[in-house]
Each structure stands twice: as structure tokens, then as C-alpha cells.
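Peer 1: task: produce atomic coordinates for the following.
(2 chains)
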Amino acid sequence: EPEVTQTPSHQVTQMGQEVILRCVPISNHLYFYWYRQILGQKVEFLVSFYNNEISEKSEIFDDQFSVERPDGSNFTLKIRSTKLEDSAMYFCASSREGPTRKEQFFGPGTRLTVL
Amino acid sequence: GEDVEQSLFLSVREGDSSVINCTYTDSSSTYLYWYKQEPGAGLQLLTYIFSNMDMKQDQRLTVLLNKKDKHLSLRIADTQTGDSAIYFCAESIQIGSSNTGKLIFGQGTTLQVKP
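Peer 2: Have a look, this model is predicted:
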């Protein structure tokens, strides 16, 4: 069964460094999402992406964040200058176009630790 | 504002039924979802219900929706030890004529199944 994959599973970085989290969505999906979950808190929406542009972003998704679909398979989240409070589990999700796009499939997550 | 609330913990005996409850605030929700998260894993879509439905059954899972009270529940029949996990309720929001796909999550209910 096709699934969303994410790399790395765990990323440790120093405060102020840039990180890129990578996701490979399910191959026939066209809508892509990033969410994050700070330890002990709710899963929070960050951004949705369709047709090579952001369709919606949350207040959390400020100028230090960016997303990109650099090729036909990868979807990346870049954090330019990491802060301690960016430490969280980051989940990528994807869904198909059309009546079934309501089903979002999530990857296993990348745990980001900022020291 | 958009908010989804769940109780944090539920403990049942193997073979009993489990009922996990969720309340939401946004009346423009279009779809409501249940996701399961096992330790170290991502969010697995279990089932979802369209907001104009009252009930949906899928094998051992029954979803009940009370739209008037903005209350959603997930019943797991014949609960097994393998059902031990965190269960997240989520809603997707309709804005105008479009469903952005953004999901609002509850904080998750930890289900403990005792043998």
C-alpha cells in the first residue's frame, strides 16, 4: 500500500541553523501539508500546498518557514534559523485531488530537536 | 474560533467496548476524522464522517455525530490490546465554497487496553 515517507526520522540541530525536512508524498496525490506537534500539545496545521503554491498557511508559518516541491516527488519544509521552540515532531501529509481529497495520509514524522 | 477537545485518557478491559468522545466548536466543519497514533508512528486515518451524516459504521468502528451539540464519538467494539494507542479527533473547515483541507486536531485520547 502506498504511503507517505519522511526523512530524516530525527534531526538534531543548533539554534540558528537552517534545517530542511523532506517528505515523499503518495505518488498520485496533488495536495500536500505540513503539521507539527510540540511535545504534549496538539497537532497544529502549518501550511497546505497545491499546484506549486501555498494555498493556506497558519500564523505559525512565518518568514522563517518555506516549502518547496523541488521535483516531481519530494516536498520539503525549510526552517531558516531554528529556535528552541521549533523543537517538535513535524508531520507531512498528502491527499488526492477530487472527491476523495478529504482523506489526508500522514507520514511517520520527523522529530526535530533544537539545542 | 476553531477548537477541538477530547478527554485525555481512557482505560478499558480487553473485549469491552471503548467510546472516545470529542467536541468541536466550528459549525462550518465539513468532515470529521479519527486518526490513530501508535508509539513512534505517524497518524493513521481510521475513519471519517461527512457533517450531514449521523452515523458511520466500519467493521468494529462506529462513528456517531451529533451536529446540534457538536459532539463526535468513536466506538470500538471488542477492544483488543492492539487497539492501545492515542486517538485523535480532527475537523476540516469549509471556508466559502472551498474546503482548504486544513485539519484542526484535538489533543488526543490515550486508550489503554488491559488484558
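Peer 1: contacting residues around B:Gln6?
Peer 2: Residues counted as contacts of B:Gln6 (Cβ atoms under 8 Å, 6 or more residues apart in numbering or on different chains) are B:Ile20, B:Asn21, B:Cys22, B:Thr23, B:Tyr87, B:Phe88, B:Cys89, B:Gly106, B:Gln107, B:Gly108, B:Thr109. For every residue, glycine as well, the C-beta is placed using N, CA and C.
Peer 1: the fifth one and B:Leu111 touch, don't they?
Peer 2: Yes: checked against Cβ atoms under 8 Å, the pair B:Tyr87 and B:Leu111 is within contact range at 5.9 Å.
Peer 1: so what sits against both of those two?
Peer 2: Common neighbours of B:Tyr87 and B:Leu111 are listed as B:Ile20 (criterion: Cβ under 8 Å, 6+ apart).
Peer 1: what about A:Thr7, distance to A:Leu115?
Peer 2: 20 Å (Cβ to Cβ, to the nearest Å).
Peer 1: pick out whichever of the two has more residues nearby.
Peer 2: Ranked by neighbour count (other Cβ atoms under 10 Å in any protein chain shown), A:Thr7 and A:Leu115 place A:Thr7 first, with 14 against 10.
Peer 1: which ones are touching the more buried one?
Peer 2: A:Arg22, A:Thr110.
Peer 1: and residue 86, its phi and psi?
Peer 2: Just going to use chain A. Backbone torsions of A:Asp86, given as degrees, to the nearest 10, read phi -80, psi -10.
Peer 1: should've been chain B
Peer 2: According to degrees, to the nearest 10, B:Ile86 has phi -100, psi 130.
Peer 1: name the nearest of the contacts of B:Gln6 relative to chain A.
Peer 2: Closest approach between the contacts of B:Gln6 and chain A, by Cβ to the nearest Cβ: B:Gln107, at 5.0 Å.
Peer 1: closest to the centroid, which residue in chain A?
Peer 2: A:Trp34 (3.1 Å; Cα atoms, centre = their mean).
Peer 1: can you give me the neighbour number for the closest residue to it other than its chain neighbours?
Peer 2: Nearest non-adjacent residue to A:Trp34, counting by Cβ to Cβ, 6 or more residues apart in numbering or on different chains: A:Leu46, 4.3 Å away. Residues near A:Leu46, counting by other Cβ under 10 Å, number 22.
Peer 1: I figured A:Leu46 hits A:Glu59, correct?
Peer 2: No: the pair A:Leu46 / A:Glu59 is not scored as a contact, 9.9 Å apart, by Cβ under 8 Å.
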